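Enquirer: build the 3D model from these lines:
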Amino acid sequence: MIHSVFQGRSFLAEKDFTRAELEYLIGLSAHLKDLKKRNIEHRYLAGKNIALLFEKTSTRTRAAFTTAAIDLGAHPEYLGTNDIQLGKKETTEDTAKVLGRMFDGIEFRGFSQGMVEELAEFSGVPVWNGLTDKWHPTQMLADYLTVLENFGHLEGLTLVYCGDGRNNVANSLLVTGAILGVNVHVFSPKELFPDQAVVALAEGYAKESGAHILITEDADEAVKGADVLYTDVWVSMGEEDKFAERVALLKPYQVNMELIKKADNEDLIFLHCLPAFHDTNTIYGRQVAEKFGVKEMEVTDEVFHSKYARQFDQAENRMHTIKAVMAATLGNLYIPKV
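Expert: From the prediction side, this is the model:
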């Protein structure tokens, strides 16, 4: 059997992979993106069946896994929260054992990190984390590919995350950035600082890579030397009852032109994992405006449509990076070392 450092492995959290392995996956993503642009087939998963398990709703993750699987020659099957018995009438272990006998790979997007780890433990096939409350690893590959495309390198750059510092995206940005040698600043109110265990984990990686980790509620300190400003929604899925509290806490942490000017870097880029609440052109946006008097939340419409914005490149890159993970872990590619 051809040896591959990735074949058969699950992609559950960034911390499970070395810097070289993450850099390889980002590089493979760029290669597969180029092949798609040139309309060159890359059907490394021909004949494979992929289960897409979704507890949480999704646009980009679902679209990316579906199109990535099809481009790779696989058949994706969407199994939503109302389609199967996972966690309701059947244990995660039992579901994993059944799906592992029918599918060649499993994607899971839901609440519990424990659940995706249990799927990986008992299914016997690669399992890919499409998002849990703890980590968002597939998002990270897209984020750092987008940064690489804009700057030509990652090491030594400074990424500033603004907003809710204890959500899954902040966790993953901290740890992944630290592994890759990217300085990561979290600009957040103290009430929403990242969990200390996550910060300690990131600081451990930062010692190895030379990256700098900063957690602060001071805007000037946070954005000094920033190359990337990144934000996410103020209220994560399942936390809608905390809206009033979050709006009050996070208004000063909005990404606006004033904050961008503080960075004093015309090459700066803005990223957002989407969806973004930058206007009132959605039902959600109008409801928030009516209830809380806020017409723009984590990012202003001006920034969202500015020359700094790269969020749609970032969204497209979800597909290319997910494709790389699936191909590397399931495609029997010859990757003896990285």
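Enquirer: neighbours of residue 114, how many?
Expert: When neighbours are defined as other CB atoms under 10 Å, residue 114 has 12 of them. All C-beta spots, glycine's among them, are computed from the backbone N, C-alpha and C.
Enquirer: do you know the pLDDT at it?
Expert: For residue 114, the model assigns a pLDDT of 97.
Enquirer: give the contact list for it.
Expert: Residues near residue 114 by CB atoms under 8 Å, 6 or more residues apart in numbering: none.
Enquirer: what about it, distance to residue 199?
Expert: Using CB to CB, to the nearest Å, residue 114 is found at 21 Å from residue 199.
Enquirer: ok, now residue 74?
Expert: 38 Å.
Enquirer: do residue 40 as well
Expert: According to CB to CB, residue 40 stands 43 Å off from residue 199.
Enquirer: would you map the strands across the stretch 151-300 of the chain?
Expert: For the stretch 151-300 of the chain, applying DSSP state E, counting those that start in this stretch gives strands covering 158-162, 183-187, 213-216, 228-231, 269-272.
Enquirer: now the last one, how far from the chain's geometric center?
Expert: Distance, stretch centre to chain centre, for strand 269-272: 13 Å (CA atoms, centre = their mean, to the nearest Å).
Enquirer: how about residues contacting that strand?
Expert: 143, 146-147, 150, 227-232, 255, 260, 298-299, 303-304, 306, 308-311, 314.
Enquirer: try 10 Å
Expert: By CB atoms under 10 Å, 6 or more residues apart in numbering, the surrounding residues in contact with strand 269-272 are 142-144, 146-147, 149-151, 159, 161, 169, 173, 226-233, 255, 259-260, 278, 298-299, 303-304, 306-315.
Enquirer: tell me the centre residue of this protein?
Expert: Centrality entry for the chain: nearest residue to the mean C-alpha point is residue 139, 1.9 Å, by CA atoms, centre = their mean.
Enquirer: mark which of the contacts of strand 269-272 are buried, thanks.
Expert: Among the contacts of strand 269-272, the ones that count as buried by 16 or more other CB atoms under 10 Å are 142-144, 146-147, 149-150, 159, 161, 169, 173, 226-233, 255, 259-260, 278, 298-299, 303-304, 308-311, 314-315.
Enquirer: pick the most deeply packed of the strands of the stretch 151-300 of the chain.
Expert: The highest mean neighbour count among the strands of the stretch 151-300 of the chain, using mean count of other CB atoms under 10 Å, belongs to strand 228-231: a mean of 28.
Enquirer: listing partners with orientation, what would you give for that one?
Expert: strand 158-162 (parallel), strand 269-272 (parallel) (DSSP bridges).
Enquirer: would a markdown table of these with distance to residue 8 be doable?
Expert: As requested, these are arranged in a markdown table below (distance: least, CB to CB, whole Å):
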| stretch | distance to residue 8 |
| --- | --- |
| strand 158-162 | 32 |
| strand 269-272 | 32 |
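Enquirer: and of those, who's closest to residue 61?
Expert: strand 269-272 (14.8 Å; CB to CB).
Enquirer: got the CA coordinates for that closest one in PDB?
Expert: Provided in PDB are the C-alpha atoms of strand 269-272 (Å, rounded to 0.1, in the frame of the first residue of the first chain):
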ATOM      1  CA  ILE A 269      -7.200  43.100   4.100                       C
ATOM      2  CA  PHE A 270     -10.600  42.500   5.800                       C
ATOM      3  CA  LEU A 271     -11.900  38.900   6.300                       C
ATOM      4  CA  HIS A 272     -15.200  37.600   7.600                       C
END
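Enquirer: ok, residue 282 touching residue 295?
Expert: No. With contact defined as CB atoms under 10 Å, residue 282 does not reach residue 295; the gap is 11.7 Å.
Enquirer: now for the two: what residues contact both?
Expert: residue 288.
Enquirer: so which residues of the stretch 151-300 of the chain form helices?
Expert: 168-180, 196-209, 219-223, 243-250, 257-263, 283-292 (DSSP state H, counting those that start in this stretch).
Enquirer: what about those helices, which gets the closest to residue 53?
Expert: Ranking the helices of the stretch 151-300 of the chain by distance to residue 53, with CB to CB as the measure, places helix 168-180 first at 17.0 Å.
Enquirer: quick one: the closest one to helix 196-209, angle?
Expert: 20 degrees (axes from the mean of the first three to the mean of the last three CA atoms, to 10 degrees).
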